[in-house]
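J.: model this:
(2 chains)
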Amino acid sequence: MLKTRQCLLGIRTFLGVTSRIWSFFLYILRKHLRTIIQYQTVRYDILPLSPISRNRLNAVKRKILVLDLDETLIHSHHDGVLRPTVRPGTPPDFILKVVIDKHPVRFFVHKRPHVDFFLEVVSQWYELVVFTASMEIYGSAVADKLDNNRGILKRRYYRQHCTLDLGSYIKDLSVVHSDLSSIVILDNSPGAYRSHPDNAIPIKSWFSDPSDTALLNLLPMLDALRFTSDVRSVLSRNLHQHRLW
Amino acid sequence: MNSLEQAEDLKAFERRLTEYVSCLQPATGRWRMILIVVSVCTATGAWNWLIDPDTQKVSFFSSLWNHPFFTISCVTLIGLFFAGIHKRVVAPSIIAARCRTVLAEYNMSCDDTGKLILKPRPHIQ
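T.: All right, here's what the predicted structure looks like:
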């Protein structure tokens, strides 16, 4: 009788310890999952240009790439949100403390997979410009973090530079650059580039998927696009399947 | 923007795609060689390990210790898979597939060498 009880107790302790080890293992795995996935994926190494392509690149103008922040490069939620869109337990990449209307707000920011690599590569091809529909105080803090003292995201435009139309913010590209043949906008919301559909590259909104490769997918296309004399030659073929208006 | 200019732009666009994919080939070939060599080493090592009569007598770890060739090649193979060699050996087609996902938005596609395929504009119903 005593032996059975001891045996049961032993099994219970064993199970308890095993489940704890297992949950610890899962926690570590979740924490490192993104690193493992990122390391495994084929990235986009910079490969040399052929002489024809080099000549072509010298003959055309350097292009401007306008980037959106929220749901394109990052996803964030603040501490007041009841139902966060990310899975609970996923640690944020950085936390921003911003004062909005005299209230301190903490933003938990998650970077889209491969965003640092993406910025590093495209900054060699394009002049990067941040254009976000969010407030300057928040947008500039996020851009600073993404820039990480590399000096690649110097030009920034915020909510005050957008035009408000029927309750949605429209990004007017002519504010950034007058020549529309050499400007491209990457945005998850089609409403933002409503006035310049032929300069747009749509991208799926990102919230939490750690295996997302949308930024990597764009690299071959962005690499090739810098050889055009007018980006609209390619981008105007857009079918606008994401059209919302 | 006239159509001649547009054709010129599309050509330059395509040139870079094909150029990039062909630049990837040598590295991919090297990765394939590495994968084949390590796989063959592991297979021969495993064969020697299995046919050794001592393997069944001694413990698992000491049998591995007795066959360092198998152990090392097996660990290397596992390491290579963790480093994503199974994706590196098909890198050109991964890049081409990525191009296709983005180009579909622009009513285009490309083959595995990066050559553009322009599709006719669908009629609006």
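
J.: in contact with A:S123, which residues?
T.: Residues in contact with A:S123 (Cβ atoms under 8 Å, 6 or more residues apart in numbering or on different chains) are A:R150, A:I152. Using the backbone N, CA and C atoms, a C-beta is placed for each residue, glycine as well.

J.: pull out the buried residues from the helix or strand of chain B with the lowest mean pLDDT.
T.: Least confident helix or strand, chain B: helix B:54-57 with a mean of 84, by mean pLDDT, DSSP states H and E. Neighbour-count burial for helix B:54-57 flags B:T55 (criterion: 16 or more other Cβ atoms under 10 Å in any protein chain shown).

J.: tell me which strands and helices it is in contact with?
T.: Judged by 3 or more Cβ pairs under 8 Å, 6 or more residues apart in numbering or on different chains; DSSP states H and E, the packing partners of helix B:54-57 are helix B:60-66.

J.: what does the helix or strand following the helix it packs on rub up against?
T.: With elements assigned by DSSP states H and E, the helix or strand that comes after helix B:60-66 is helix B:68-82. Contacting residues not belonging to helix B:68-82 are listed as A:36, A:40, B:34-35, B:38-39, B:41-42, B:45-46, B:48-49, B:64-65 [Cβ under 8 Å, 6+ apart].

J.: spell out which parts of chain A neighbour chain B.
T.: Selection of chain A residues close to chain B by Cβ under 8 Å from any Cβ of the partner chain yields A:36, A:39-42, A:44, A:47-50, A:52-53, A:56, A:60, A:181, A:201-202, A:213, A:216-221, A:223-225, A:227-230, A:232-235, A:237-239, A:241.

J.: PyMOL command to pick out the buried ones of these?
T.: Listed next is the PyMOL selection for buried residues among the residues of chain A next to chain B, using 16+ other Cβ under 10 Å:
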select buried, chain A and resi 40+41+42+44+49+53+56+60+181+201+202+213+216+217+218+219+220+221+223+224+225+227+228+229+230+232+233+234+235+237+238
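
J.: are any of the contacts of helix B:68-82 buried, and which?
T.: Neighbour counting by 16+ other Cβ under 10 Å classes A:Q40, B:L35, B:V38, B:C41, B:T42, B:G45, B:W49, B:L64 among those as buried.

J.: contact partners for the residue nearest to B:L118 when sequence neighbours are not counted?
T.: Using Cβ to Cβ, 6 or more residues apart in numbering or on different chains and skipping the chain neighbours, the partner closest in space to B:L118 is B:M108 (5.6 Å). When contacts are counted by Cβ under 8 Å, 6+ apart, B:M108 touches A:R237, B:L116, B:I117, B:L118, B:K119.

J.: so the first one makes contact with B:N107?
T.: Yes: under the criterion of Cβ atoms under 8 Å, A:R237 is in contact with B:N107, at a separation of 5.0 Å.

J.: one step back: okay if I get the contacts of helix B:68-82 as TSV plus secondary structure?
T.: TSV is the format used below for the contacts of helix B:68-82 (DSSP: H, G, I helix; E, B strand; the rest coil):
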residue	secondary structure
A:I36	helix
A:Q40	helix
B:I34	helix
B:L35	helix
B:V38	helix
B:S39	helix
B:C41	helix
B:T42	helix
B:G45	helix
B:A46	helix
B:N48	helix
B:W49	helix
B:L64	helix
B:W65	helix
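
J.: most widely separated two among the residues you listed?
T.: Across the contacts of helix B:68-82, the longest distance by Cβ to Cβ is 32.1 Å; it joins A:I36 and B:N48.

J.: and the residues of chain A next to chain B, which of them are in strands?
T.: The strands, defined by DSSP state E, take in A:I201, A:P202 from the residues of chain A next to chain B.

J.: give the contact list for residue 98.
T.: Using chain A. Residues in contact with A:V98, defined by Cβ under 8 Å, 6+ apart, are A:P104, A:V105, A:R106, A:F107, A:I137, A:Y138, A:A141.

J.: wait, chain B was what I had in mind.
T.: With Cβ under 8 Å, 6+ apart, B:R98 has these contacts: A:T213, A:L216, A:N217, A:L219, A:P220.

J.: which pLDDT value goes with it?
T.: The per-residue pLDDT reported for B:R98 equals 90.

J.: swap in B:D112?
T.: pLDDT at B:D112 comes out at 88.

J.: okay, now the residue lying closest to it once chain neighbours are set aside: neighbour count?
T.: Of all residues not flanking B:D112 in the chain, B:A96 sits nearest, at 4.9 Å (Cβ to Cβ, 6+ apart). Residues within reach of B:A96, counting by other Cβ atoms under 10 Å in any protein chain shown, total 23.

J.: quick check: B:A96 touching B:D111?
T.: Yes: with contact defined as Cβ under 8 Å, B:A96 reaches B:D111; the gap is 7.1 Å.
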